[in-house]
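Engineer: predicted model, plus sequence, below.
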Amino acid sequence: MTKVVEIFKADTAIKQPLPLYLSRIKAGFPSPAEDYLDKKLDLNEYLIKHPASTFFVKVKGDSMIGAGINSGDILIVDRSLEPKDKRIIVAVVNGDFTVKRITKRQDKVFLIAENPKYSPIEIKDGMDFEVWGVVVHVIHSV
């Protein structure tokens, strides 16, 4: 099961513009004519739409590998977004943070793993359940 192991508040006050090349990058041999810088890119502006409600969470586990979320990845989570059907969310279930895809089937809510080793979690009456936020980006090393 993929669990949240650390939570960090997004700090957009620090600006760190990085070079952005607007030319497409080819997988083959690079063309010297395309070696020019067009502008700067601030990842805060690109990745964080709602700074006051955005957090970074570090995850551990393998239940979301089918969605490209690996153990040790950092997720950018926006708490202001509505958890629409089939979105990947961070939820609190019975006191534990988890990352799953939320879905509704026949008026029932399920948390679905993206790894066949894990069964869906049906959210039933009486369970301690809260959608903590919606995952908007995944950052991982290759």
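Structural biologist: Sure thing, it's come through. Owing to the predicted nature of the structure, the values given are computational and were not obtained by experimental measurement.
Engineer: so where's the protein shaky on pLDDT?
Structural biologist: Along the chain, the model assigns pLDDT under 70 to residues 12-39.
Engineer: for residue 120, see how far away residue 73 is.
Structural biologist: Residue 73 is 22 Å from residue 120, where distance means C-beta to C-beta, to the nearest Å. Quick note: C-beta positions are derived from backbone N, CA and C, even for glycine.
Engineer: hang on, I meant residue 65
Structural biologist: Residue 65 is 16 Å from residue 120, by C-beta to C-beta.
Engineer: rewinding a little: tell me which of residue 73 and residue 120 has more neighbours.
Structural biologist: Comparing residue 73 with residue 120 by other C-beta atoms under 10 Å, the one with more neighbours is residue 73, at 18 against 14.
Engineer: and the gap between the closest residue to that one other than its chain neighbours and residue 58?
Structural biologist: Excluding the flanking residues, the one nearest residue 73 by C-beta to C-beta, 6 or more residues apart in numbering is residue 140, at 4.1 Å. The gap separating residue 140 from residue 58 is 11 Å, by C-beta to C-beta.
Engineer: list residues touching both of these two?
Structural biologist: Any residue near both residue 140 and residue 58 by C-beta atoms under 8 Å, 6 or more residues apart in numbering counts here, and that gives 72-74.
Engineer: coming back round to it: residue contacts, the residue nearest to residue 73?
Structural biologist: 68-70, 72-74.
Engineer: got TSV for the residues you listed, with secondary structure and distance to residue 125 too?
Structural biologist: Formatted as TSV, the contacts of residue 140 follow (DSSP: H, G, I helix; E, B strand; the rest coil; distance: C-beta to C-beta, whole Å):
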residue	secondary structure	distance to residue 125
68	coil	33
69	coil	29
70	coil	34
72	coil	35
73	coil	33
74	strand	34
